[in-house]
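[1] just a sequence and a predicted model for now, questions to come.
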Amino acid sequence: MNAAVPAAGPPETPDAPEAVFGGAHAGHVSFVIRHRVEPRRRADYERWLTRIMPVAATYPGHLGVSVIRPDAPGTPYTIVLRFERLEQLRRWMESADRRELIEQIRPLLAAGEDLDIRPGAAFWFTPAGAQPPRLWKQVLMTFAVIWPLTLIVPQLWQPAFTRWPWLGGWLAGNFVVALSIVLIVVCAVMPWLTRRLAGWLTR
């Protein structure tokens, strides 16, 4: 399910196309947007990100957003926006707020938006343009990432827990450790590892 817009001609950005929503899962969804930004306009695009993300966060059902910046020339920005339900995501997609903000970046893009919707957290396991991998590969990859972090992250926090005992309490300590692991996995490790293991995941 992909609503990529051809690069030829002026960039076009679809407003809530049916092709994007058709067949999407009715539950927790990840909305994946890829933007190929003109190299000389990256600073303008970064400023635009700081404007659109707080606006999206005000919409009901918003669960968070992650930005994967280009790691090589010619690669796109990837923005992963998570909503509780498909209808809440659609409300954001069809909003006047989003249309106005998208109009602002048309001159910054080398091509139009590439839009995709994935159920739950499946995006993290799926390289661009591929089908989701087998469940056992998702489980194995998740375990391989999270297990070492459960050993390392508590040790990294230990000096802070010792200095501030209230932070190292059962509830606060577990919250801090769990939040740290989630942020590391979602924002750093899983996107990087998915790109590196793309061949294995799609076999």
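    Now that the structure is in, tell me what you want to look at.
[2] rest of the way, CA atoms for contacts and neighbours
    Fine.
[3] what about residue 82, which SS state?
    strand (DSSP: H, G, I helix; E, B strand; the rest coil).
[4] specify the beta-bridge partners of the residue lying closest to it once chain neighbours are set aside.
    Spatial nearest neighbour of residue 82, excluding adjacent residues (CA to CA, 6 or more residues apart in numbering): residue 30 at 4.5 Å. The bridge-partner assignment for residue 30, based on DSSP bridges, gives residue 82, residue 118.
[5] likewise the one 5 residues further on?
    Here residue 35 shows beta-bridge partners residue 77, assigned using DSSP bridges.
[6] I'd say it and residue 77 touch.
    Yes: here residue 35 lies in contact with residue 77, judged by CA atoms under 8 Å, at a distance of 5.2 Å.
[7] neighbour-wise, which of these two wins?
    Between residue 35 and residue 77, counting by other CA atoms under 10 Å, residue 35 is the more crowded of the two (22 against 18).
[8] and that one, what pLDDT?
    The predicted local confidence for residue 35 comes out at a pLDDT of 92.
[9] quick one, what contacts it?
    The neighbourhood of residue 35, defined by CA atoms under 8 Å, 6 or more residues apart in numbering, consists of 76-78, 109, 111-114.
[10] could you chop this protein up by domain?
    The chain breaks down into these structural domains: 18-120, 135-201 (assignment by automatic domain parsing).
[11] winner for burial among those?
    domain 18-120 (a mean of 17; mean count of other CA atoms under 10 Å).
[12] any idea how far it is from the chain center?
    With CA atoms, centre = their mean, to the nearest Å as the basis, domain 18-120 stands 9 Å off its chain's centre.
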